[in-house]
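Asker: Below is the sequence, then the predicted model.
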Amino acid sequence: MSDVLVTRVGPVLEVLFNRPEKKNALTKAMYAAAVDAFHHADQNPAIRVVLLSGAGDTFTSGNDIKDFQSRAATNEASHASPFLDALSALATPLVAAVNGAAIGVGTTMLAHADLVIAALSARFVMPFTSLGLVPEAASSLLFPRLVGHQRASALLLLGDPMDAETAREWGFVNQVVADRDLMTTARHVAARLAALPPTAVRLTKDLIKNGRTDVPGRIEQELAMFRDRLRSPEATEAFQAFVEKRKPDFSKFA
Ligand code: COA
């Protein structure tokens with residue numbers, strides 16, 4: 001079975017990260033499948049909404065760390081890059097339903113969603129610095145705007161987790177619901193959007209996002225830095241520690 005399930009439910013395209021045994025860690029193939037789904041939605045006027053969610057107890061644990069390691073070894077281009085471009089350019093409204101951990105790109109991608117519904121179990125973490133990395137998905141630009149400079153610093157510099165209620169308080173998610181109600185609520189929100197006049201909805205989404213002209217440039221700038229960081233000794237130690245299930249030791253770095 002595919003690691004991303006794409007299901008058409010009337011006017012809604014449901015995109016499910018479906019690799020629960022690896023906490024929905026995102027691989028190159030998964031990014032590519034999501035890109036195809038986004039393009040399909042934008043090219044098909046009968047699709048009014050994209051609904052993104054994760055299978056099992058996690059939204060997604062972010063980029064697959066073993067993929068990070070192999071990319072660092074081969075200096076291959078970013079697997080996430082086409083995904084981030086397609087996500088930030090998506091014209092179809094995007095609703096995200098988040099339960100459990102949303103780590104790294106699992107959180108940063110949500111700054112591009114139009115409406116985010118979180119289960120009480122949702123936990124948003126951007127542990128880039130502790131992996132020797134830098135933020136991506138224009139999160140270094142969007143998070144200070146969304147939640148304020150100091151809060152963004154706690155999230156992005158310290159990698160502090162943000163629980164569902166805090167995320168709602170800070171305006172990062174629209175609504176927090178019991179875990180068992182997550183998909184019903186998210187589908188209800190998607191259905192409300194899908195029932196509205198489609199051109200008015202797409203134009204309004206475009207207007208809301210119009211001010212974000214600096215996003216593509218920041219995505220590119222971050223990814224260039226990210227690519228260098230992937231090969232850094234700090235990141236090498238962090239990835240190896242993850243694979244070996246031990247605490248990383250950064251004491252030797254100047
Ligand atoms: N990349 C690769 N594998 C991952 C992964 C990731 N991002 N996240 C989880 N996995 C794998 C684990 O290695 C483990 O594999 P194994 O069963 O072969 O040992 C499996 O998924 C289950 O994860 P586990 O850590 O045992 O589950 P948990 O419930 O204790 O913790 C997380 C879940 C998501 C909190 C934890 O796995 C985690 O912190 N993952 C890394 C997140 C991360 O740093 N992502 C990169 C952000 S830039």
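Answerer: Looks like it arrived, so ask away.
Asker: Near the residue of the stretch 1-150 of the chain found nearest the ligand, how many residues? Count them for me, please.
Answerer: Nearest residue of the stretch 1-150 of the chain to the ligand: G104, at 2.6 Å (Cβ to the nearest ligand atom). Just so you know, the C-beta spots here come from the backbone N, C-alpha and C atoms, and that holds for glycine as well. Using other Cβ atoms under 10 Å, G104 has 28 neighbouring residues.
Asker: any idea which helix or strand carries L223?
Answerer: Using DSSP states H and E, L223 sits in helix 215-230.
Asker: List of residues touching that helix?
Answerer: When contacts are defined by Cβ atoms under 8 Å, 6 or more residues apart in numbering, helix 215-230 is touched by residues 68, 71-72, 75, 77-78, 80-81, 84-85, 88, 132-142, 235.
Asker: For this protein, just list every one of the strands.
Answerer: Remark: strands assigned in the chain by DSSP state E are 4-9, 12-17, 49-54, 94-98, 101-103, 115-119, 123-125, 162-163, 175-177.
Asker: which of the residues in stretch 238-246 are buried?
Answerer: For stretch 238-246, a neighbour-count test (16 or more other Cβ atoms under 10 Å) marks 238-239, 241 as buried.
Asker: Let me know the closest of these to the ligand.
Answerer: Within the buried residues of stretch 238-246, the smallest distance to the ligand is 8.4 Å, found for A238 (Cβ to the nearest ligand atom).
Asker: I'd say that closest one and P248 touch.
Answerer: Yes - using Cβ atoms under 8 Å, A238 is in contact with P248, at 4.8 Å.
Asker: Residues in contact with both of these two, list them for me.
Answerer: Common contacts of A238 and P248, defined by Cβ under 8 Å, 6+ apart, comprise S130.
Asker: Quick check: end-to-end length of stretch 12-21?
Answerer: With Cα to Cα, to the nearest Å as the measure, the first residue of stretch 12-21 is 26 Å from its last.
Asker: got the residues of the chain near the ligand?
Answerer: Contact residues, the chain versus the ligand (Cβ under 6 Å from any ligand atom): 22-23, 25, 58, 61-66, 101, 103-104, 127-128, 131.
Asker: Now mean neighbour count and distance to Y31 too, for the strands of the chain, in TSV please.
Answerer: As requested, these are exported to TSV (neighbours: other Cβ atoms under 10 Å; distance: least, Cβ to Cβ, whole Å):
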stretch	mean neighbour count	distance to Y31
strand 4-9	15	9
strand 12-17	22	10
strand 49-54	26	13
strand 94-98	27	16
strand 101-103	26	15
strand 115-119	25	20
strand 123-125	22	20
strand 162-163	19	24
strand 175-177	19	27
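Asker: could I get the ones you listed as a markdown table with distance to A195 and mean pLDDT?
Answerer: Output for the strands of the chain, formatted as a markdown table (distance: least, Cβ to Cβ, whole Å; pLDDT from 0 to 100):
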| stretch | distance to A195 | mean pLDDT |
| --- | --- | --- |
| strand 4-9 | 14 | 98 |
| strand 12-17 | 11 | 98 |
| strand 49-54 | 10 | 98 |
| strand 94-98 | 13 | 98 |
| strand 101-103 | 28 | 98 |
| strand 115-119 | 14 | 98 |
| strand 123-125 | 29 | 98 |
| strand 162-163 | 32 | 98 |
| strand 175-177 | 18 | 98 |
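Asker: Would you mind putting these into a markdown table with distance to D42 alongside?
Answerer: A markdown table is the format used below for those (distance: least, Cβ to Cβ, whole Å):
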| stretch | distance to D42 |
| --- | --- |
| strand 4-9 | 14 |
| strand 12-17 | 10 |
| strand 49-54 | 9 |
| strand 94-98 | 11 |
| strand 101-103 | 24 |
| strand 115-119 | 18 |
| strand 123-125 | 27 |
| strand 162-163 | 30 |
| strand 175-177 | 26 |
